[in-house]
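**Student:** kindly generate the corresponding structure for this input.
(2 chains)
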Amino acid sequence: MSPDSPTRFTRSRECRDGSTQSGDRAQTTIDFTVGVSIFLLTLTFAFAFVPGLLAPFTGGVQEETVAANRVVDTLSQQLLAAPTQPYVLDSYCTKEFFDDNSPSECRFSGSTLQERIGISDRQVVNVTIKGNPDEGENDVLCWDADKGELDEQGDCTAGSDVQLTVGSSVAKQTGSTVTAYREVLLANQSVTLEVHMW
Amino acid sequence: MVTDRGQAHALEGITAGLLLLSSLVFAMQMTAVTPLTASTSSQHIENQQREAMRGLLATASETGALRRAILAWDDSNGEFHETPSQGYFSQGPPNEFGRMLNRSFGNSSTAYNVHLSYLSRGNERKRIRYVYQGSPSDNTVTATWMVTLVNDSHLYDASGDKQSTTLSEADTYFAPVANNTAADGHAGPVYNVIEVEVVVWRI
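**Tutor:** Coordinates of the predicted model:
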C-alpha cells in the first residue's frame, strides 16, 4: 500500500443507516467514565478550596493580639512595677489600680481603665491577677485588707477588700478573645497577670 | 484525535484536571499565612511563653528561690535532694522554684526542660539536666538566667533550711571550682557562674 493512503489509519465501516462506528479506536465507555470523573472531581475541589484562600484576609483578632501583648508588657514592667525591677509589682499601686483609683505617686494616671493602660475607649478589656496562695487551683485573687495579704476570690467578703480583677467580665463573652499573660511577683508570691481583650 | 462523537479521552480528562490544579497553585502564591494566624503554636503563644518564663525566672531570682534550688545539693549522695533514680526531675523539683514552675507551667498543655550549664575545669561550658520532660518540638522558646555562686555559699537541705557546709567544702557538687586565679596567684571568691536555661513548648 502507498504510505499516503488515508484508509490505512481511518478505516471505518459504513453501516446500513449511514452512521459510522469507531469500533477500531479502542475507546470504551470506561475510558470516558475515568476521564470525566477525574475532571469533575478536580473541578469540585477547586471550587471548594478557593474560599479558604481568602481566610488570612478576613477580620480576626489580629489587632487585639498586638494590643494585649503591649498592655501586659506595660503593666508588668512600667506601670505597676518599677522600671529598674521589672516583674516585681508594687503592692500599694497594684491595689489602687484594681480599686479604680489613680494616686499621684503611682506611675499610671487617668480616670478610666482604658486611659490608664493606654488603649482606645472602645476597646473591651479585662485585667486579672490569678494565683494559688493555698496550693489549690489557679484562682482570681483578692487583697484582704484585714490580713494584709493575698487571698482567693471567695474569701474576701469585707468592703475594704479589693478584688484583683477590673474591666468587663470575661465569662459573658461568646466570641473569640485574646489573652496575654506574665508571671510577676506580688506581696512575695508568684502570681499571673492576665489581660483579656476582645 | 478528532471524532464525530465529542467524547473525552481519559488523557484529556487528566490534562484538564492538571490544568485546574496548577492554576490553583499559582493563585495560592499571592496569599500568605501570617505569623499571627491561629494554629496550635502561633507566634503569639510563643511570645507569651517566653515572656512569662522570663518573668518567672526574674521572680524566682528576686525571692532567692532560684539560688536556693541550685544549692539544694545532697553532698553525701552526689545529687540534688530527692532526685529520682533517673538522675533528673520529670516535673518541678521539691523546692520553692519547683512549686513556682508547677503552678505556671505544670498544666497539661505545656512542657518544659531546665538545664544548668557551668564552666568546667577545662574552661568549657558543660550542662546537666535538672528537669527533663522529653525532646522539645520545633516551636520552643528559651529563657536563661545567670546565677553567680561564691565559695562561701551554703548548701541547703531538702526542706529549704541552710546547712553549714559551704561550696568550698562540698566534695560532690556538679560544678567544679572555676579557674579564676588572680594575677598574684590568689584564688578569687567566685566559685562558678551557673546559667539556668529553661526551654518551654506546647504539647
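**Student:** quick check: the residue nearest the centre of chain A vs residue A:140, distance?
**Tutor:** What sits nearest the mean C-alpha location of chain A, by CA atoms, centre = their mean, is residue A:178, with 5.1 Å. Going from residue A:178 to residue A:140 by CB to CB, to the nearest Å gives 19 Å. In this view, the C-beta of every residue, glycine as well, is placed from N, C-alpha and C.
**Student:** and residue B:203, by the same measure?
**Tutor:** In terms of CB to CB, residue B:203 sits 26 Å off from residue A:140.
**Student:** same question for residue B:104.
**Tutor:** Taken as CB to CB, the span from residue B:104 to residue A:140 is 16 Å.
**Student:** for residue B:67, same thing?
**Tutor:** Distance from residue B:67 to residue A:140, by CB to CB: 31 Å.
**Student:** in the chain, which helix is the longest?
**Tutor:** Unless you meant another one, I'm taking chain A. Taking DSSP state H as the criterion, chain A has its longest helix at helix A:29-53.
**Student:** I was after chain B.
**Tutor:** Per DSSP H, chain B has its longest helix at helix B:43-63.
**Student:** now the residue of chain B found nearest chain A. Nearest residue, chain neighbours left out?
**Tutor:** Proximity to chain A, evaluated over chain B using CB to the nearest CB, is greatest for residue B:13 at 2.9 Å. Once flanking residues are discounted, residue B:13 sits nearest to residue A:35: 2.9 Å by CB to CB, 6 or more residues apart in numbering or on different chains.
**Student:** hmm, the one you found is touching residue B:12, no?
**Tutor:** Yes. Using CB atoms under 8 Å, residue A:35 is in contact with residue B:12, at 5.9 Å.
**Student:** strands along chain A, start to end?
**Tutor:** A:125-131, A:139-144, A:149-152, A:162-163, A:165-167, A:178-186, A:189-197 (DSSP state E).
**Student:** in a markdown table: those, plus distance to chain B.
**Tutor:** Conversion of these to a markdown table gives the following (distance: least, CB to the nearest CB, whole Å):
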| stretch | distance to chain B |
| --- | --- |
| strand A:125-131 | 7 |
| strand A:139-144 | 11 |
| strand A:149-152 | 13 |
| strand A:162-163 | 20 |
| strand A:165-167 | 18 |
| strand A:178-186 | 4 |
| strand A:189-197 | 5 |
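**Student:** quick one: closest of those to residue A:99.
**Tutor:** Nearest to residue A:99, of all those, is strand A:162-163, at 4.9 Å by CB to CB.
**Student:** so what are the sheet partners of that closest one and their directions?
**Tutor:** Paired strands of strand A:162-163, with direction, are strand A:139-144 (antiparallel) (DSSP bridges).
**Student:** so is the longest strand seen in chain B next to chain A?
**Tutor:** The longest strand of chain B (DSSP E) is strand B:190-202. No. Strand B:190-202 lies out of reach of chain A by CB under 8 Å from any CB of the partner chain, never closer than 11.5 Å.
**Student:** could you give the mean pLDDT of that strand?
**Tutor:** For strand B:190-202, mean pLDDT rounds to 90.
**Student:** show me where chain B has its helices.
**Tutor:** B:10-28, B:43-63, B:65-70, B:96-105.
**Student:** list the contacts of the one residue in chain A that gets nearest to chain B.
**Tutor:** Closest contact between chain A and chain B, by CB to the nearest CB, is at residue A:35 (2.9 Å). For residue A:35, the contacting residues are B:8, B:9, B:10, B:11, B:12, B:13, B:14, by CB atoms under 8 Å, 6 or more residues apart in numbering or on different chains.
**Student:** okay, the residues you listed in JSON lines with distance to residue B:190, pLDDT and neighbour count next?
**Tutor:** What follows is the contacts of residue A:35, written out as JSON lines (distance: CB to CB, whole Å; pLDDT from 0 to 100; neighbours: other CB atoms under 10 Å in any protein chain shown):
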{"residue": "B:8", "distance to residue B:190": "82", "pLDDT": "60", "neighbour count": "18"}
{"residue": "B:9", "distance to residue B:190": "82", "pLDDT": "71", "neighbour count": "16"}
{"residue": "B:10", "distance to residue B:190": "79", "pLDDT": "76", "neighbour count": "18"}
{"residue": "B:11", "distance to residue B:190": "78", "pLDDT": "79", "neighbour count": "12"}
{"residue": "B:12", "distance to residue B:190": "80", "pLDDT": "81", "neighbour count": "15"}
{"residue": "B:13", "distance to residue B:190": "77", "pLDDT": "81", "neighbour count": "22"}
{"residue": "B:14", "distance to residue B:190": "73", "pLDDT": "85", "neighbour count": "15"}
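**Student:** ok so, going back, so who does the residue of chain B closest to chain A touch?
**Tutor:** Here residue B:13 is in contact with A:34, A:35, A:36, A:37, A:38, A:39 (CB under 8 Å, 6+ apart).
**Student:** kindly recompute the last result at 10 Å.
**Tutor:** A:31, A:32, A:33, A:34, A:35, A:36, A:37, A:38, A:39, A:40, A:41, A:42 (CB atoms under 10 Å, 6 or more residues apart in numbering or on different chains).
**Student:** can you dump the C-alpha atoms of the helix or strand bottoming out on mean pLDDT in chain A in PDB for me?
**Tutor:** Using mean pLDDT, DSSP states H and E, the weakest-scoring helix or strand in chain A turns out to be strand A:149-152, at a mean of 80. Below are the C-alpha coordinates for strand A:149-152, written out as PDB (Å, rounded to 0.1, in the frame of the first residue of the first chain):
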ATOM      1  CA  GLU A 149      -2.200  39.600 102.200                       C
ATOM      2  CA  LEU A 150      -3.500  37.900  99.000                       C
ATOM      3  CA  ASP A 151      -6.400  35.500  99.200                       C
ATOM      4  CA  GLU A 152      -8.700  33.600  96.900                       C
END
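**Student:** which other helices and strands does it contact?
**Tutor:** strand A:125-131, strand A:139-144, strand A:189-197 (3 or more CB pairs under 10 Å, 6 or more residues apart in numbering or on different chains; DSSP states H and E).
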